[in-house]
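J.: below: sequence and its predicted model.
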Amino acid sequence: LFEQLSDIKLGELLDSPPPGFDEAVAIAKVQQFVTKEEFAKFTRIVFDTAPTGHTLRLLTVPDFVDASLTKIIELRQSISHASQAVRSLFNSSEEDKVDNLVQLQQNIRQVKSLLGREALFNSSEEDKVDNLVQLQQNIRQVKSLFRDSESTEFIIATIPTMLAVNESVRLIHALRKENIPCHRIVVNQIIREGTGDAYLKMKLKGQERALDEISRDEQLASLKPIMSPYLDLEVRGVPALSYLGSRIWENMRAELSSGEERKFFMLGGKGGVGKTSCSASLAVELGQFGFRTLVVSTDPAHSLSDSFDQDLKGGYPVEIDGTNGNVWGLEIDIEAAKEDLRSLGKGENGKDFDDFLDGLGLGGITDQLKSLRLGEILDTPPPGIDEAAAIAKVVQLLKTEEYSGFNRIVFDTAPTGHTLRLLTLPEFVNTSVGKILRIRQKIVGFADSVKGIFTGGEKVDKTNEKIERFQKSMTEAREIFRNELTTQFIIVTIPTMMAVSESSRLAEALRKEDVPVKYVLINQVLDGSTTDAFFKNQYKDQQRALQFLKSDVDLGNLEIHESPVFDLEIRGTAALQYFGDVVWKDTQP
């Protein structure tokens with residue numbers, strides 16, 4: 001049995017940081033600004049956080065790392081006191097160690113640079129435990145810092161559109177639930193009465209520079225550009241999405257409609273560039289071609305329901321009204337996916353890993369394996385792994401008779417950093433969480449073979465089948481992301497230098513991950529013939545969103561700071577100084 005378990009190389013569990021761990025270590029480094037004398041000169045610390053979904057993940061990372069570190073510390077301590085047979089499960093041959101270290105070096109290079117001490121991964125067992133305990137203490141201090149109303153304040157930033165305001169409502173609810181102090185909200189890009197031709201001329205010049213940069217950028221120049229217009233009204237509901245879709249996808253209709261086989265489209269990019277509207281419009285356009293289309297949101301901060309103006313929650317496809325049954329929407333139920341992941345560690349009738357071991361009749365070996373408490377690692381899945389599990393669930397759904405008819409799948413992905421994390425999660429599940437699941441398979445196989453000698457047959461373990469289905473779905477999800485015959489990743493951006501720079505980095509990262517990408521969709525492109533009537537319509541639309549914000553029971557009670565839309569992109573100290581004077585005037589820092 002121990003020879004079989006040794007093949008799993010459990011030692012990698014202790015040395016392979018999960019997705020999100022690097023962020024947690026980076027947050028822990030903030031403690032240096034709070035506690036170390038050399039940084040005492042800083043009296044104000046400003047965090048520019050990721051978009052909503054990623055920020056919510058960031059706020060829960062300390063909880064995940066705290067729980068995970070507790071388990072890893074206990075596991076290391078248990079190993080040090082276990083028998084030689086158990087300790088051997090966490091050791092490899094010298095040749096394997098070299099291979100593992102090479103892979104490990106690649107996986108944790110960024111983590112080590114953020115942490116500032118390699119001792120966490122390259123030291124004796126006792127030192128490793130001490131270093132992990134120290135890191136855990138730092139993480140707990142950060143967790144406390146997030147919730148300290150005397151020293152910390154979270155400021156929401158939004159824009160005056162219904163989609164953005166609705167997302168801010170969900171964010172403030174989440175902050176309240178996490179006991180994160182929040183008293184202010186900044187409403188950016190507000191159009192004032194009188195905005196007109198002078199603004200347009202300056203805006204068009206900035207847009208021209210950004211479009212030129214796309215044509216010259218090493219990563220983006222080879223992609224086919226798709227132009228999407230800047231509309232004077234917010235795009236919500238099927239009629240508006242249909243109009244937007246006809247403007248965006250008109251030159252791609254032949255390619256979109258070619259072939260009856262199932263195809264996948266993934267749209268991703270910087271936060272705030274309009275990914276959800278573009279994804280929803282693509283789904284409506286495909287539906288009008290006659291394809292049965294499913295559009296799926298993988299962003300923890302879902303906006304797909306807002307875009308279609310229809311409730312798509314629940315974790316199962318919902319028919320979109322007004323599409324003749326051709327378009328269905330799905331907002332992934334992250335909590336349900338997380339629970340599905342936890343259930344993989346349970347046996348039949350909900351038995352946990354220890355109950356399962358007790359029923360095998362392996363004597364003293366059972367007690368040694370139970371002391372490692374390996375099953376508990378599944379109780380606290382790392383941030384983001386629930387999304388990967390949800391993607392796997394979509395793959396499983398598409399195999400059922402009820403939903404097998406979808407031949408076009410559109411993924412509305414989370415902002416850039418989150419999307420890249422999602423693309424690497426299947427590998428993490430296979431190499432770390434998968435190890436814990438395979439322990440069960442190995443032990444079941446051994447126990448059944450022993451019992452078979454005396455009973456003449458082997459019992460089929462349904463939990464093994466469940467695990468194998470999950471792992472197969474994860475593998476299929478990984479293959480879908482990288483299959484250039486069936487999948488296309490479309491980068492969504494807007495014509496600003498900052499957005500273009502991030503899109504360039506995304507294109508480079510996608511190529512490194514072997515994800516097929518050949519289009520860049522440039523959203524919010526102003527037409528040279530646009531007049532000041534455009535801004536009059538936008539002004540009215542914004543006023544409705546502002547009124548909704550101010551009447552909301554949670555957002556309306558925050559201190560509201562309004563910032564106008566500027567005709568030039570805010571870059572550089574001088575521009576930021578001017579912008580700051582406008583936003584933070586009459587504010588006590």
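T.: Perfect, thanks for sending it.
J.: so where is the stretch 151-300 of the chain shaky, pLDDT-wise?
T.: For the stretch 151-300 of the chain, residues meeting the criterion pLDDT under 70 lie at 300.
J.: all helices of it, in order?
T.: All helices of the stretch 151-300 of the chain, identified by DSSP state H, counting those that start in this stretch, fall at 162-177, 197-216, 238-248, 253-257, 275-288.
J.: how about these, which one is nearest Ile570?
T.: Minimum separation from Ile570 across these (Cβ to Cβ) falls at helix 197-216, 10.7 Å. The way it works is simple: take the backbone N, C-alpha and C, and place the C-beta from them, glycine included.
J.: neighbouring contacts of that closest one?
T.: Defining contact as Cβ atoms under 8 Å, 6 or more residues apart in numbering, one finds that helix 197-216 is touched by 220-221, 225, 493-497, 499-500, 503, 520, 522, 525-526, 528, 530-532, 534-535, 565, 567-569.
J.: go with 6 Å
T.: Leu220, Ala221, Pro495, Thr496, Met497, Val500, Leu526, Thr530, Asp532, Asp567, Leu568, Glu569 (Cβ atoms under 6 Å, 6 or more residues apart in numbering).
J.: excluding chain neighbours, what is closest to the last one?
T.: Nearest non-adjacent residue to Glu569, counting by Cβ to Cβ, 6 or more residues apart in numbering: Thr496, 5.1 Å away.
J.: got phi/psi on that neighbour?
T.: The phi and psi values for Thr496, taken as degrees, to the nearest 10, are phi -130, psi 150.
J.: give me the neighbour count for it.
T.: 20 (other Cβ atoms under 10 Å).
J.: surely it and Leu568 touch.
T.: No: applying Cβ atoms under 6 Å as the test, Thr496 and Leu568 come out as separate, 10.1 Å apart.
J.: which stretch among the helices of the stretch 151-300 of the chain is buried most, on average?
T.: Among these, helix 275-288 has the highest mean neighbour count (mean count of other Cβ atoms under 10 Å), at a mean of 27.
J.: show me what it is packed against.
T.: The contact analysis (3 or more Cβ pairs under 6 Å, 6 or more residues apart in numbering; DSSP states H and E) places helix 275-288 against helix 238-248, strand 263-269, strand 293-297, helix 304-308, strand 327-331, strand 408-412.
J.: got the contact list for the nearest residue to Glu285 once chain neighbours are set aside?
T.: Nearest non-adjacent residue to Glu285, counting by Cβ to Cβ, 6+ apart: Gly245, 3.7 Å away. Neighbour list for Gly245: Ser281, Val284, Glu285 [criterion: Cβ under 6 Å, 6+ apart].
J.: how far away is the second one from Gln137?
T.: What it means is Val284. Computed as Cβ to Cβ, to the nearest Å, the Val284 to Gln137 distance reads 52 Å.
J.: and the pLDDT at Ser371?
T.: Ser371 is assigned a pLDDT of 60 by the prediction.
J.: then Phe548?
T.: At Phe548, pLDDT is 89.
J.: neighbours of it, how many?
T.: Phe548 has 16 nearby residues by other Cβ under 10 Å.
J.: the helix or strand hosting it versus helix 197-216: what angle between them?
T.: Assigned by DSSP states H and E, Phe548 falls within helix 533-551. For helix 533-551 against helix 197-216, the angle by axes from the mean of the first three to the mean of the last three Cα atoms, to 10 degrees is 90 degrees.
J.: tell me what helix 533-551 is packed against?
T.: Other helices and strands packing on helix 533-551, by 3+ Cβ pairs under 6 Å, 6+ apart, are helix 162-177.
J.: can you rerun that using 10 Å?
T.: Helices and strands touching helix 533-551, by 3 or more Cβ pairs under 10 Å, 6 or more residues apart in numbering; DSSP states H and E, are helix 162-177, strand 182-190, helix 197-216, strand 559-564.
J.: just put those in CSV and tack on distance to Gln141.
T.: Rendered in CSV, the data for those read as follows (distance: least, Cβ to Cβ, whole Å):
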stretch, distance to Gln141
helix 162-177, 20
strand 182-190, 21
helix 197-216, 42
strand 559-564, 28
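J.: and Leu510, which of the ones you listed is closest to it?
T.: Closest among those, once you apply Cβ to Cβ, is helix 197-216, at 15.8 Å.
J.: ok, back up a step: tell me which of the helices and strands packed on helix 275-288 lies nearest to Ala545.
T.: helix 304-308 (11.5 Å).
J.: now the helices of the stretch 151-300 of the chain as TSV including distance to Asn324?
T.: Listed next are the helices of the stretch 151-300 of the chain as TSV, based on distance: least, Cβ to Cβ, whole Å:
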stretch	distance to Asn324
helix 162-177	25
helix 197-216	37
helix 238-248	11
helix 253-257	17
helix 275-288	8
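J.: which stretch among those comes nearest Val295?
T.: Between those, helix 275-288 lies closest to Val295; by Cβ to Cβ that is 3.8 Å.
J.: enumerate every residue touching Ser228.
T.: Going by Cβ atoms under 10 Å, 6 or more residues apart in numbering, Ser228 touches 244-245, 247-249, 273-274, 277-278, 281, 492-494, 521-525.
J.: show me where the stretch 451-589 of the chain has strands.
T.: Ranges of strands within the stretch 451-589 of the chain are 487-493, 517-525, 559-564, based on DSSP state E, counting those that start in this stretch.
J.: tell me which of those is the most buried.
T.: Counting by mean count of other Cβ under 10 Å, the most buried of the strands of the stretch 451-589 of the chain turns out to be strand 487-493, with a mean of 24.
J.: pLDDT weak spots in the stretch 351-500 of the chain?
T.: Those would be 351-390, 414-468, if you go by pLDDT under 70 across the stretch 351-500 of the chain.
J.: redo that, cut-off 90
T.: Per-residue confidence for the stretch 351-500 of the chain (pLDDT under 90) gives these ranges: 351-404, 411-487, 498-499.
J.: switch the helices and strands packed on helix 275-288 over to TSV; also include distance to Ala509.
T.: Shown next, in TSV, are those (distance: least, Cβ to Cβ, whole Å):
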stretch	distance to Ala509
helix 238-248	24
strand 263-269	10
strand 293-297	21
helix 304-308	24
strand 327-331	25
strand 408-412	17
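J.: so for Glu508, which of the ones you listed sits nearest?
T.: Distance to Glu508, taken as Cβ to Cβ, is lowest for strand 263-269 among the helices and strands packed on helix 275-288, at 13.5 Å.
J.: please write out the alpha-carbon positions of that closest one in PDB.
T.: Extracted C-alpha coordinates of strand 263-269, given in PDB (Å, rounded to 0.1, in the frame of the first residue of the first chain):
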ATOM      1  CA  LYS A 263     -17.300  26.200 -30.700                       C
ATOM      2  CA  PHE A 264     -16.200  28.200 -27.700                       C
ATOM      3  CA  PHE A 265     -15.600  32.000 -27.500                       C
ATOM      4  CA  MET A 266     -13.800  33.500 -24.400                       C
ATOM      5  CA  LEU A 267     -13.900  37.300 -24.000                       C
ATOM      6  CA  GLY A 268     -11.500  38.900 -21.500                       C
ATOM      7  CA  GLY A 269      -9.600  42.000 -20.800                       C
END
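J.: ok, now which ones touch Glu401?
T.: Here Glu401 is in contact with no residue (Cβ under 10 Å, 6+ apart).
J.: I'd like to know how far the closest residue to Leu231 other than its chain neighbours sits from Pro181.
T.: Excluding its sequence neighbours, the residue lying closest to Leu231 (Cβ to Cβ, 6+ apart) is Leu244, at 6.8 Å. When distance is defined by Cβ to Cβ, Leu244 is 38 Å away from Pro181.
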